[in-house]
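Student: with the sequence up front, the predicted model follows.
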Amino acid sequence: MDIQLSDKARIWQHKAREFAEQELIPWEEHAEMNAGELPAKTAARHREIACIELGLSRMDAPASHGGLALSMEEQVATWEQLGRVTNALCWCFPEAQHWMFEACTPGQIDNYVGKLMDGSAHDAYAITEAESGSMETVNSTAVATATGYKLNGEKWFVTSGNLADFFWVQAKTDGGFDSLFLVDKDSAGIEIIDNPLFSHTFAAHHPTYRFNDVLVPLENRVGEADAGMSYTRSWFRHERLMIAARCCGAATRLLEEGTTWAKQRKIDHEMLADKQSIQFMLADSANELWAARLMLYEAARAHDTDTDLKSLHTRCAMTKLYCSEMANRVCDRVLQIFGGRGYMRNNAVERFFRELRVDRIWEGSSEVQRMVIAKSLLKRGLQNM
Ligand SMILES: Cc1cc2nc3c(=O)[nH]c(=O)nc-3n(C[C@H](O)[C@H](O)[C@H](O)COP(=O)(O)OP(=O)(O)OC[C@H]3O[C@@H](n4cnc5c(N)ncnc54)[C@H](O)[C@@H]3O)c2cc1C
């Protein structure tokens with residue numbers, strides 16, 4: 001089920017596959033049994049390979065800043081292979097995204113974004129609040145004073161909060177603008193008010209933070225006061241595409257494992273793979289995976305050819321919606337094929353069953369993606385989506 005890829009994309013696909021298979025997958029069970037944590041030396045080795053040897057933390061950064069400036073096709077080919085891994089072991093590097101270099105001042109690039117490129121700093125994105133997950137309403141406030149902005153509010157589900165050195169925080173400024181700020185995690189007034197456990201077993205936690213009169217330097221506002229949401233949408237487009245890529249990688253591994261198992265498991269002297277209902281499950285999964293991958297690479301190439309931004313936003317929503325729902329369906333079928341063994345935590349299928357569920361929720365739930373798609377269809381028409 002090959003997809004036409006450029007030679008460069010194939011090289012990245014191969015490098016990422018090797019990293020996933022040789023370095024990360026062997027540690028999955030250890031992570032699962034140890035709250036997502038790896039021995040410090042192993043985690044450092046993974047970071048070194050990802051950030052320094054492969055340069056994954058700067059794959060989206062512009063060449064003028066020392067980045068690899070990979071095309072979206074190449075990045076998707078990379079993340080697809082990393083998606084084969086459970087327990088988020090592939091999140092062993094931060095990522096300096098292209099839009100950050102357009103949005104940030106030279107000082108912000110030196111102090112924050114640049115440090116993501118070699119993994120010397122880690123970031124986290126804080127948008128969601130208690131009252132507003134699906135809606136893009138922000139109640140946190142950042143009031144300008146002579147010495148800086150005073151930030152107040154609560155942010156939920158801040159992924160990698162425990163690993164981060166700084167946050168991208170969205171807050172309302174005077175005049176009701178949604179602004180984006182770079183906030184040092186060790187700033188006075190930041191408190192963790194909850195650090196809940198989630199279905200998956202990841203080293204990256206998702207704490208809830210309260211910001212109490214946190215003083216943010218004036219120069220830490222990113223771009224114009226009213227530009228915060230447009231940067232967040234850039235973040236969404238990137239993340240949605242990469243979530244879709246990881247979902248395709250996960251579904252590929254699931255289907256491979258399900259097929260291998262069905263061909264070796266005998267029930268009543270007959271191979272599981274010979275039973276038609278099992279074949280149908282495999283066939284539906286292969287079919288949907290093929291469709292998802294075509295969609296994913298088409299959206300990535302649209303990114304690379306400067307497709308109109310609104311249309312791109314819709315395509316990223318469509319791709320994230322389809323690929324995440326596809327991966328959950330494939331996982332459910334493959335778990336069924338494994339029977340009781342599929343429900344054991346030492347089986348990757350069981351881990352994916354818990355881990356893939358959130359891909360239908362974060363970075364905009366499936367319902368939110370449908371709202372984006374419907375709005376685009378009704379406003380712009382099918383031809384311009
Ligand atoms: C593990 C995890 C990590 C996360 N990481 C981050 C992070 O790093 N940074 C960050 O800012 N946020 C993060 N999030 C938050 C995530 O983006 C939100 O959970 C998500 O946007 C949904 O918001 P909500 O949970 O408040 O659900 P709600 O907004 O309360 O929605 C509940 C349900 O209603 C549905 N719904 C909402 N509106 C409509 C409608 N109009 N029509 C039909 N259905 C609707 C939703 O789809 C959802 O199924 C994370 C969440 C999780 C679970």
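Tutor: Perfect, thanks for sending it.
Student: the helix or strand where residue 12 lies - what's its average pLDDT?
Tutor: With elements taken from DSSP states H and E, the one containing residue 12 is helix 7-18. The average pLDDT within helix 7-18 is 98.
Student: what residues are up against the residue in the stretch 101-250 of the chain positioned nearest to the ligand?
Tutor: Nearest residue of the stretch 101-250 of the chain to the ligand (Cβ to the nearest ligand atom) works out as residue 133 at 1.8 Å. C-beta here means a position set from N, CA and C on the backbone, and glycine is covered the same way. By Cβ atoms under 8 Å, 6 or more residues apart in numbering, the contact set of residue 133 is 156-157, 365.
Student: run through the stretch 51-200 of the chain and note the low-pLDDT ranges.
Tutor: The stretch 51-200 of the chain contains no residues with pLDDT under 70.
Student: mind redoing it with 80?
Tutor: The stretch 51-200 of the chain contains residues with pLDDT under 80 at 133, 135-136.
Student: for it, which residues are neighbours of the ligand?
Tutor: Counting by Cβ under 6 Å from any ligand atom, the residues of the stretch 51-200 of the chain lying close to the ligand are 125-128, 133-134, 157-159, 198.
Student: at 5 Å what do you get?
Tutor: Proximity of the stretch 51-200 of the chain to the ligand is confined to 125, 127-128, 133-134, 157, 159 under the rule Cβ under 5 Å from any ligand atom.
Student: is it true that residue 330 touches residue 249?
Tutor: No. Contact criterion Cβ atoms under 8 Å: residue 330 and residue 249 do not qualify, at 11.6 Å.
Student: does the residue lying closest to residue 363 once chain neighbours are set aside lie in a helix or a strand, and which?
Tutor: Distances taken as Cβ to Cβ, 6 or more residues apart in numbering put residue 239 closest to residue 363, at 4.7 Å, once the chain neighbours are dropped. Secondary structure from DSSP H and E places residue 239 in helix 228-264.
Student: the very next helix or strand once past that helix - what's its average pLDDT?
Tutor: Counting by DSSP H and E, the next helix or strand C-terminal to helix 228-264 is strand 266-267. The average pLDDT within strand 266-267 is 94.
Student: stretch 30-44: which residues count as buried?
Tutor: Buried residues in stretch 30-44, counted by 16 or more other Cβ atoms under 10 Å: 31-32, 36, 38, 42-43.
Student: so of the residues of the stretch 51-200 of the chain next to the ligand, which ones are in strands?
Tutor: Within those, residues falling in strands by DSSP state E are residue 125.
Student: hmm, which of the residues of the stretch 51-200 of the chain next to the ligand are the buried ones?
Tutor: Using 16+ other Cβ under 10 Å as the burial test, these include 125, 127-128, 133, 157, 159 as buried.
Student: would you format the residues you listed as TSV with distance to residue 313 included?
Tutor: Output for those, formatted as TSV (distance: Cβ to Cβ, whole Å):
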residue	distance to residue 313
125	17
127	16
128	19
133	19
157	22
159	22
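Student: can you give me the strands in the stretch 251-385 of the chain?
Tutor: Here the stretch 251-385 of the chain has its strands, by DSSP state E, counting those that start in this stretch, at 266-267, 270-271.
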